[in-house]
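> Please work out how this folds:
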Amino acid sequence: MASIMITGPVDPLVAATLGPFGTAVETPDIAERTLVEHAADAVAIVCRGEARITRAVIDAAPRLRVIGRTGVGVDSIDVARATERGIPVINTPGANSRSVAEGALTLALVLLKEVFHWDRQVRTGNWAARYQLITRDIEGTVLGIVGFGNIGRTLAGLALPLGFTVVASDPFVSAADAQAAGVELLPMEELLSRADVISLHATLTAATAGLINAAAVARMKRGAVLLNLGRGGLIDGLDILHDALQDGRLGAVALDTFEPEPPDLGHPILGHERCICSPHVLGLTPGAMHRIYTSMTADMAAVLSGKHPRYCVNPETLPTIAEE
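I've put the predicted structure just below:
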């Protein structure tokens, strides 16, 4: 019997939409051996959470016709092997852009306004701390957005009315397009040196892995705030961030993503008062997840029905799909 292999908890919409093509089966864990065992009858795989759809998993699924990812990043899927097999890989660009952008803006405001610091001062009886002028103005603060895709553009649209000066770096965006959004496009090196807040939203690729390394941190304005809501692999290790917090090069860090996930709880950055963390969750609002599941399952059902999907990261697999 054909199955729809699912690697984590999902909305009932997934089983309802893909039910005509197979029985939805959630794997008990995401170990590669487990995924390989469950892939034998899979005509579709829904990749959720930290699961990795490796070459071994794909090769263990002779009936596999489509892979769906609940999000935009597909670094957890061996897209090259899927493409060799002629298997479309579906993602959901834009479905949670607003949610991630809101999360980034919230973190920026919390850190610039020293919300957690002031809370600690009140709770420890240090009322006199109010005479320390460490809260920053928003107006005139330079927000540097690394990766000016759907999320980056949405973040810029939220930040500009508040008074942020917004700059961006993205090799795939023209200066004219950025200017039309009210944003100045800069080389990465210049963005690092000018921005008061740096927000990472680039896709994780071979070219962007370790983008924020020791040299990049050294170029940053002293006291800069770094936000990562992209992928943990964009940063070349937590040691770099911890060292920069310790010497004051970085004023604060907010991390919603890590490499690996979950992170090592013994790492000292997790105990640093200038670092705040969340479990890769700021883009997972109810509205965003509904949009993600609706988009992904519609496109997966399209492939399984012999039609073209709206979003596919390896469109070269699609000519083999006959349009009705």
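
> Name the helix or strand for Gly306, please.
Element membership of Gly306, judged by DSSP states H and E, is empty: it is in no helix or strand.

> and it, how many residues sit next to it?
By the measure other C-beta atoms under 10 Å, the count of residues near Gly306 is 12. Placement of C-beta: from N, CA and C, glycine included.

> show me where the chain has helices.
All helices of the chain, identified by DSSP state H, fall at 12-18, 32-38, 55-59, 79-84, 97-112, 115-123, 150-159, 175-180, 188-194, 214-219, 238-247, 286-304.

> Could you export those helices as a markdown table, including mean pLDDT, distance to Ala44 and mean neighbour count?
Below are the helices of the chain laid out as a markdown table (pLDDT from 0 to 100; distance: least, C-beta to C-beta, whole Å; neighbours: other C-beta atoms under 10 Å):
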| stretch | mean pLDDT | distance to Ala44 | mean neighbour count |
| --- | --- | --- | --- |
| helix 12-18 | 96 | 6 | 17 |
| helix 32-38 | 98 | 12 | 16 |
| helix 55-59 | 98 | 12 | 19 |
| helix 79-84 | 98 | 12 | 17 |
| helix 97-112 | 98 | 25 | 22 |
| helix 115-123 | 96 | 43 | 13 |
| helix 150-159 | 97 | 25 | 23 |
| helix 175-180 | 96 | 36 | 13 |
| helix 188-194 | 98 | 38 | 17 |
| helix 214-219 | 98 | 40 | 15 |
| helix 238-247 | 98 | 36 | 18 |
| helix 286-304 | 97 | 6 | 20 |
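
> mind checking which of those helices is nearest Thr203?
Thr203 lies closest to helix 150-159 among the helices of the chain, at 10.2 Å (C-beta to C-beta).

> same for that closest one, what does it pack against?
Packed against helix 150-159 by the contact rule (3 or more C-beta pairs under 8 Å, 6 or more residues apart in numbering; DSSP states H and E) you find helix 97-112, strand 142-146, strand 165-169.

> now with 6 Å?
Using 3 or more C-beta pairs under 6 Å, 6 or more residues apart in numbering; DSSP states H and E, the elements in contact with helix 150-159 are helix 97-112, strand 142-146.

> how about the CA coordinates for the shortest one, as CSV?
Going back to what we said before, that points to strand 142-146. Extracted in CSV, the C-alpha atoms of strand 142-146 (Å, rounded to 0.1, in the frame of the first residue of the first chain):
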residue,chain,number,x,y,z
VAL,A,142,20.9,51.3,10.5
LEU,A,143,19.4,47.9,9.9
GLY,A,144,21.4,45.7,7.6
ILE,A,145,19.5,42.9,6.0
VAL,A,146,21.6,40.0,4.6
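
> for the record, mean pLDDT for it?
The average pLDDT within strand 142-146 is 98.

> Touching it from outside, list them.
152, 155, 159, 164-169, 191, 194-200, 202 (C-beta atoms under 6 Å, 6 or more residues apart in numbering).

> Sheet-wise, list the partners of that strand with their directions.
strand 165-169 (parallel), strand 197-200 (parallel) (DSSP bridges).

> export the helices of the chain to TSV and tack on distance to Leu227?
What follows is the helices of the chain, written out as TSV (distance: least, C-beta to C-beta, whole Å):
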stretch	distance to Leu227
helix 12-18	31
helix 32-38	32
helix 55-59	32
helix 79-84	27
helix 97-112	5
helix 115-123	15
helix 150-159	10
helix 175-180	19
helix 188-194	13
helix 214-219	14
helix 238-247	11
helix 286-304	18
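
> can you pull the contacts of Leu35?
Val57.

> now do 8 Å
With contact taken as C-beta atoms under 8 Å, 6 or more residues apart in numbering, Leu35 is in contact with Met5, Thr7, Thr27, Ala51, Ile53, Thr54, Val57, Ala60.
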